[in-house]
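Q: Got a predicted model here, sequence first, then my questions.
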Amino acid sequence: MIDLHTHTWRCKHASGTVADYAASAANRGISVLGVSDHVPLPDGAWPEPRMGMDELPAYLEEIAEARRRHVGLRILAGFECEYHPRYEAYYREELLGRLGLDYLIAGQHWFDAPGGIQSVYDPAGPKSVRAYAASVVAAMKSGLFAFIAHPDLFGYFHPRWDGEALAASREILSAAAELGVPLEVNGLGLRKPVLRTVEGVRPPYPWSPFWELAVEYPVVVCFNSDAHRPEDVGAGIAEGHRLVSALPLAEIREAPLSRRSSETVP
(Lines give C-alpha, C1' and ligand atoms only; values in the text may rest on other atoms or scores of the structure.)
Protein backbone atom coordinates (compact mmCIF):
# COMPACT_ATOMS: atom_id res chain seq x y z
CA MET A 1 0.00 0.00 0.00
CA ILE A 2 1.12 3.54 -0.78
CA ASP A 3 0.23 6.50 1.43
CA LEU A 4 1.60 9.84 0.26
CA HIS A 5 -0.42 12.28 2.34
CA THR A 6 0.55 12.54 6.03
CA HIS A 7 1.12 15.37 8.51
CA THR A 8 3.32 15.54 11.61
CA TRP A 9 3.22 17.70 14.72
CA ARG A 10 4.97 20.51 12.86
CA CYS A 11 1.76 21.53 11.10
CA LYS A 12 0.28 22.52 14.50
CA HIS A 13 -2.93 20.53 14.08
CA ALA A 14 -1.49 17.02 13.99
CA SER A 15 0.54 14.79 16.30
CA GLY A 16 3.53 12.52 16.00
CA THR A 17 7.03 12.73 14.59
CA VAL A 18 8.28 11.38 11.28
CA ALA A 19 9.72 8.45 13.25
CA ASP A 20 6.26 7.73 14.68
CA TYR A 21 4.70 7.73 11.22
CA ALA A 22 7.43 5.51 9.80
CA ALA A 23 7.00 2.97 12.60
CA SER A 24 3.23 2.97 12.11
CA ALA A 25 3.61 2.56 8.35
CA ALA A 26 6.02 -0.33 8.77
CA ASN A 27 3.64 -2.07 11.18
CA ARG A 28 0.71 -1.63 8.77
CA GLY A 29 2.47 -3.05 5.73
CA ILE A 30 2.82 0.28 3.93
CA SER A 31 5.46 0.03 1.20
CA VAL A 32 5.79 3.76 0.40
CA LEU A 33 5.22 6.51 2.98
CA GLY A 34 5.09 10.12 1.90
CA VAL A 35 5.64 12.77 4.58
CA SER A 36 3.84 15.88 3.38
CA ASP A 37 3.43 18.53 6.05
CA HIS A 38 1.94 21.88 5.06
CA VAL A 39 4.65 23.82 3.31
CA PRO A 40 6.42 26.69 5.11
CA LEU A 41 6.05 29.88 3.11
CA PRO A 42 8.77 32.51 2.79
CA ASP A 43 6.34 35.40 3.30
CA GLY A 44 4.73 33.82 6.37
CA ALA A 45 1.25 33.65 4.80
CA TRP A 46 -1.48 31.60 6.50
CA PRO A 47 0.77 30.60 9.42
CA GLU A 48 -1.81 28.71 11.49
CA PRO A 49 -1.40 25.25 9.91
CA ARG A 50 2.27 25.20 8.96
CA MET A 51 5.81 25.19 10.29
CA GLY A 52 8.07 28.20 10.06
CA MET A 53 10.86 28.47 7.53
CA ASP A 54 13.39 27.96 10.32
CA GLU A 55 11.99 24.44 10.92
CA LEU A 56 12.61 23.24 7.37
CA PRO A 57 16.14 21.80 7.98
CA ALA A 58 14.98 19.85 11.04
CA TYR A 59 11.98 18.49 9.11
CA LEU A 60 14.22 17.17 6.35
CA GLU A 61 16.67 15.73 8.87
CA GLU A 62 13.81 13.90 10.60
CA ILE A 63 12.91 12.30 7.29
CA ALA A 64 16.54 11.37 6.60
CA GLU A 65 16.85 9.76 10.04
CA ALA A 66 13.64 7.77 9.53
CA ARG A 67 15.03 6.49 6.24
CA ARG A 68 18.17 5.27 8.02
CA ARG A 69 16.10 3.44 10.65
CA HIS A 70 13.54 1.89 8.28
CA VAL A 71 15.53 0.62 5.32
CA GLY A 72 12.68 -1.64 4.18
CA LEU A 73 10.27 1.26 3.91
CA ARG A 74 10.49 3.77 1.10
CA ILE A 75 10.02 7.20 2.68
CA LEU A 76 9.48 10.23 0.45
CA ALA A 77 9.98 13.84 1.46
CA GLY A 78 7.26 16.22 0.38
CA PHE A 79 4.96 19.08 1.22
CA GLU A 80 1.29 19.89 0.74
CA CYS A 81 1.12 23.33 -0.86
CA GLU A 82 -1.32 26.01 -1.84
CA TYR A 83 -0.52 26.96 -5.40
CA HIS A 84 -0.16 30.66 -6.15
CA PRO A 85 2.04 32.19 -8.86
CA ARG A 86 4.03 34.12 -6.26
CA TYR A 87 5.33 30.85 -4.78
CA GLU A 88 6.11 29.08 -8.05
CA ALA A 89 9.83 29.92 -8.12
CA TYR A 90 10.20 28.96 -4.45
CA TYR A 91 8.52 25.60 -5.00
CA ARG A 92 10.43 24.83 -8.18
CA GLU A 93 13.88 26.23 -7.50
CA GLU A 94 14.21 25.87 -3.72
CA LEU A 95 12.09 22.89 -2.69
CA LEU A 96 12.24 20.65 -5.75
CA GLY A 97 15.52 22.09 -6.99
CA ARG A 98 18.10 22.95 -4.33
CA LEU A 99 16.61 20.86 -1.52
CA GLY A 100 15.65 17.98 -3.80
CA LEU A 101 12.29 17.10 -2.30
CA ASP A 102 10.65 14.07 -3.88
CA TYR A 103 7.24 15.58 -4.50
CA LEU A 104 4.76 18.34 -3.81
CA ILE A 105 0.99 18.05 -3.42
CA ALA A 106 -1.40 20.82 -4.38
CA GLY A 107 -4.09 21.32 -1.73
CA GLN A 108 -6.01 24.55 -2.30
CA HIS A 109 -7.16 25.50 1.19
CA TRP A 110 -6.77 29.19 0.24
CA PHE A 111 -7.19 30.62 -3.24
CA ASP A 112 -7.78 33.88 -5.09
CA ALA A 113 -11.50 34.65 -5.31
CA PRO A 114 -13.67 37.68 -6.04
CA GLY A 115 -13.05 40.05 -3.16
CA GLY A 116 -9.71 38.58 -2.09
CA ILE A 117 -8.22 35.39 -0.71
CA GLN A 118 -10.84 32.78 0.12
CA SER A 119 -10.63 29.89 2.58
CA VAL A 120 -12.47 26.71 1.67
CA TYR A 121 -13.82 26.58 5.21
CA ASP A 122 -15.60 29.95 5.02
CA PRO A 123 -19.01 30.53 3.45
CA ALA A 124 -18.82 31.97 -0.06
CA GLY A 125 -20.89 32.73 -3.12
CA PRO A 126 -21.09 30.77 -6.38
CA LYS A 127 -18.34 32.82 -8.03
CA SER A 128 -15.87 31.38 -5.53
CA VAL A 129 -16.58 27.87 -6.81
CA ARG A 130 -15.26 28.75 -10.26
CA ALA A 131 -12.35 30.64 -8.69
CA TYR A 132 -11.44 27.52 -6.73
CA ALA A 133 -11.55 25.45 -9.91
CA ALA A 134 -9.37 28.00 -11.71
CA SER A 135 -6.78 27.80 -8.94
CA VAL A 136 -6.69 24.01 -9.13
CA VAL A 137 -6.29 24.11 -12.91
CA ALA A 138 -3.47 26.65 -12.56
CA ALA A 139 -1.76 24.32 -10.09
CA MET A 140 -1.95 21.48 -12.59
CA LYS A 141 -0.62 23.63 -15.41
CA SER A 142 2.40 24.65 -13.32
CA GLY A 143 3.78 21.12 -13.58
CA LEU A 144 4.93 21.29 -9.96
CA PHE A 145 2.62 18.82 -8.29
CA ALA A 146 2.50 15.05 -8.14
CA PHE A 147 -1.26 15.10 -7.62
CA ILE A 148 -4.15 17.26 -6.51
CA ALA A 149 -5.26 16.63 -2.93
CA HIS A 150 -9.01 16.47 -2.24
CA PRO A 151 -10.04 18.22 -5.48
CA ASP A 152 -13.66 18.15 -4.27
CA LEU A 153 -12.85 20.20 -1.16
CA PHE A 154 -14.95 23.08 -2.49
CA GLY A 155 -17.98 21.15 -1.24
CA TYR A 156 -17.24 22.67 2.16
CA PHE A 157 -18.13 26.21 1.17
CA HIS A 158 -20.54 25.28 -1.63
CA PRO A 159 -22.36 22.21 -0.30
CA ARG A 160 -25.04 21.98 -3.00
CA TRP A 161 -24.48 19.96 -6.18
CA ASP A 162 -25.82 22.51 -8.68
CA GLY A 163 -24.82 24.06 -11.98
CA GLU A 164 -21.86 25.90 -10.45
CA ALA A 165 -20.55 22.76 -8.77
CA LEU A 166 -20.98 20.83 -12.00
CA ALA A 167 -19.18 23.44 -14.11
CA ALA A 168 -16.30 23.74 -11.63
CA SER A 169 -15.94 19.97 -11.45
CA ARG A 170 -15.83 19.68 -15.23
CA GLU A 171 -13.05 22.29 -15.37
CA ILE A 172 -10.98 20.34 -12.85
CA LEU A 173 -11.63 16.94 -14.42
CA SER A 174 -11.01 18.15 -17.96
CA ALA A 175 -7.66 19.68 -17.00
CA ALA A 176 -6.62 16.60 -15.01
CA ALA A 177 -7.37 14.39 -18.00
CA GLU A 178 -5.60 16.67 -20.48
CA LEU A 179 -2.52 17.22 -18.32
CA GLY A 180 -2.28 13.74 -16.81
CA VAL A 181 -2.33 14.95 -13.20
CA PRO A 182 -3.76 12.40 -10.74
CA LEU A 183 -6.63 13.37 -8.44
CA GLU A 184 -6.77 12.17 -4.85
CA VAL A 185 -9.59 10.31 -3.14
CA ASN A 186 -8.88 11.59 0.37
CA GLY A 187 -9.49 9.38 3.40
CA LEU A 188 -9.56 12.16 5.99
CA GLY A 189 -12.93 13.39 4.80
CA LEU A 190 -14.39 10.00 5.70
CA ARG A 191 -13.14 10.44 9.28
CA LYS A 192 -14.44 14.00 9.72
CA PRO A 193 -17.88 14.93 11.08
CA VAL A 194 -20.55 14.66 8.42
CA LEU A 195 -22.01 17.71 6.69
CA ARG A 196 -25.75 18.25 6.99
CA THR A 197 -26.90 19.89 3.79
CA VAL A 198 -30.20 20.53 2.02
CA GLU A 199 -29.38 17.47 -0.06
CA GLY A 200 -28.86 15.24 2.96
CA VAL A 201 -26.03 14.06 5.17
CA ARG A 202 -22.68 13.26 3.60
CA PRO A 203 -18.94 13.21 4.32
CA PRO A 204 -17.28 16.56 3.59
CA TYR A 205 -15.25 14.66 0.97
CA PRO A 206 -14.94 12.51 -1.06
CA TRP A 207 -18.08 14.00 -2.63
CA SER A 208 -19.85 11.24 -4.58
CA PRO A 209 -21.27 13.37 -7.45
CA PHE A 210 -17.78 14.64 -8.25
CA TRP A 211 -16.40 11.14 -8.62
CA GLU A 212 -19.44 9.89 -10.50
CA LEU A 213 -18.82 12.70 -12.97
CA ALA A 214 -15.14 11.75 -13.16
CA VAL A 215 -15.95 8.58 -15.11
CA GLU A 216 -16.70 10.79 -18.13
CA TYR A 217 -13.01 11.79 -18.27
CA PRO A 218 -9.85 9.68 -18.63
CA VAL A 219 -8.52 10.75 -15.24
CA VAL A 220 -6.36 8.72 -12.90
CA VAL A 221 -6.84 8.66 -9.15
CA CYS A 222 -4.75 7.95 -6.08
CA PHE A 223 -5.85 7.07 -2.56
CA ASN A 224 -4.31 8.52 0.58
CA SER A 225 -5.09 8.77 4.28
CA ASP A 226 -4.27 12.44 4.91
CA ALA A 227 -3.22 11.15 8.33
CA HIS A 228 -2.84 13.63 11.17
CA ARG A 229 -1.95 10.96 13.73
CA PRO A 230 0.54 8.10 13.34
CA GLU A 231 -2.22 5.55 13.99
CA ASP A 232 -4.13 6.91 10.99
CA VAL A 233 -1.51 5.99 8.39
CA GLY A 234 -3.42 4.10 5.73
CA ALA A 235 -6.79 4.98 7.25
CA GLY A 236 -9.62 5.65 4.84
CA ILE A 237 -7.82 4.18 1.84
CA ALA A 238 -9.86 0.98 1.79
CA GLU A 239 -13.03 2.99 2.38
CA GLY A 240 -12.10 5.30 -0.48
CA HIS A 241 -11.62 2.30 -2.73
CA ARG A 242 -15.05 1.00 -1.79
CA LEU A 243 -16.62 4.38 -2.43
CA VAL A 244 -15.49 4.42 -6.05
CA SER A 245 -15.20 0.66 -6.59
CA ALA A 246 -18.21 0.62 -8.91
CA LEU A 247 -16.76 3.44 -11.02
CA PRO A 248 -14.37 2.66 -13.89
CA LEU A 249 -11.58 4.96 -12.69
CA ALA A 250 -7.92 4.21 -13.38
CA GLU A 251 -5.69 4.09 -10.29
CA ILE A 252 -2.04 5.09 -9.96
CA ARG A 253 -0.15 2.01 -8.76
CA GLU A 254 3.21 3.73 -8.18
CA ALA A 255 4.14 6.85 -6.29
CA PRO A 256 3.75 9.85 -8.64
CA LEU A 257 6.66 12.23 -8.15
CA SER A 258 6.88 15.92 -8.95
CA ARG A 259 8.79 17.18 -11.94
CA ARG A 260 12.06 18.83 -11.13
CA SER A 261 12.64 20.49 -14.50
CA SER A 262 12.12 24.20 -15.06
CA GLU A 263 9.51 23.49 -17.72
CA THR A 264 5.81 24.03 -17.12
CA VAL A 265 2.97 22.23 -18.80
CA PRO A 266 1.71 24.21 -21.78
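A: Yep, that arrived.
Q: Show the contacting residues for Y91.
A: 39, 81, 104, 142, 144 (CB atoms under 8 Å, 6 or more residues apart in numbering). No exception for glycine: its C-beta is placed from N, CA and C like everyone else's.
Q: I'd say the fourth one and H84 touch.
A: No - using CB atoms under 8 Å as the test, S142 is too far from H84 to be in contact (9.9 Å).
Q: Same drill for these two, tell me which one is more crowded.
A: Neighbours of S142 and H84, each counted by other CB atoms under 10 Å, are more numerous for S142; the result is 22 against 19.
Q: Against P85, how distant is that one?
A: Taking CB to CB, to the nearest Å as the measure, S142 falls 8 Å from P85.
Q: now do G115
A: 19 Å.
Q: go on, F147?
A: Applying CB to CB to F147 and P85 gives a distance of 20 Å.
Q: nearest spatial neighbour of A134, skipping sequence neighbours?
A: E171 (7.3 Å; CB to CB, 6 or more residues apart in numbering).
Q: mind listing the strands for the chain?
A: 2-3, 32-38, 74-81, 103-106, 110-113, 116-119, 147-148, 183-186, 195-197, 200-202, 220-224, 250-251 (DSSP state E).
Q: pretty sure P159 is touching T197, no?
A: Yes - assessed by CB under 8 Å, P159 is found in contact with T197 at 4.3 Å.
Q: Neighbour count for the two, which is higher?
A: P159 (18 against 12).
Q: Let me see the confidence value for the more buried one.
A: Here the pLDDT value assigned to P159 is 94.
Q: again with P248
A: If you check P248, the pLDDT there is 86.
Q: mind listing what it touches?
A: Shown in contact with P248 (CB under 8 Å, 6+ apart): V215.
Q: So which residues of the stretch 1-150 of the chain form helices?
A: With helices called from DSSP state H, counting those that start in this stretch, the stretch 1-150 of the chain shows them at 18-27, 56-69, 88-89, 126-142.
Q: To E178, which of these lies closest?
A: Across those, E178 has its closest neighbour in helix 126-142 (8.7 Å, CB to CB).
Q: quick one: contacts of that closest one?
A: For helix 126-142, contacts defined as CB under 8 Å, 6+ apart pick out 83-85, 88, 91, 106, 108, 111-114, 118, 120, 145, 148, 151, 153-154, 157-158, 164-165, 167-169, 171-172, 175-176, 179, 181, 264-265.
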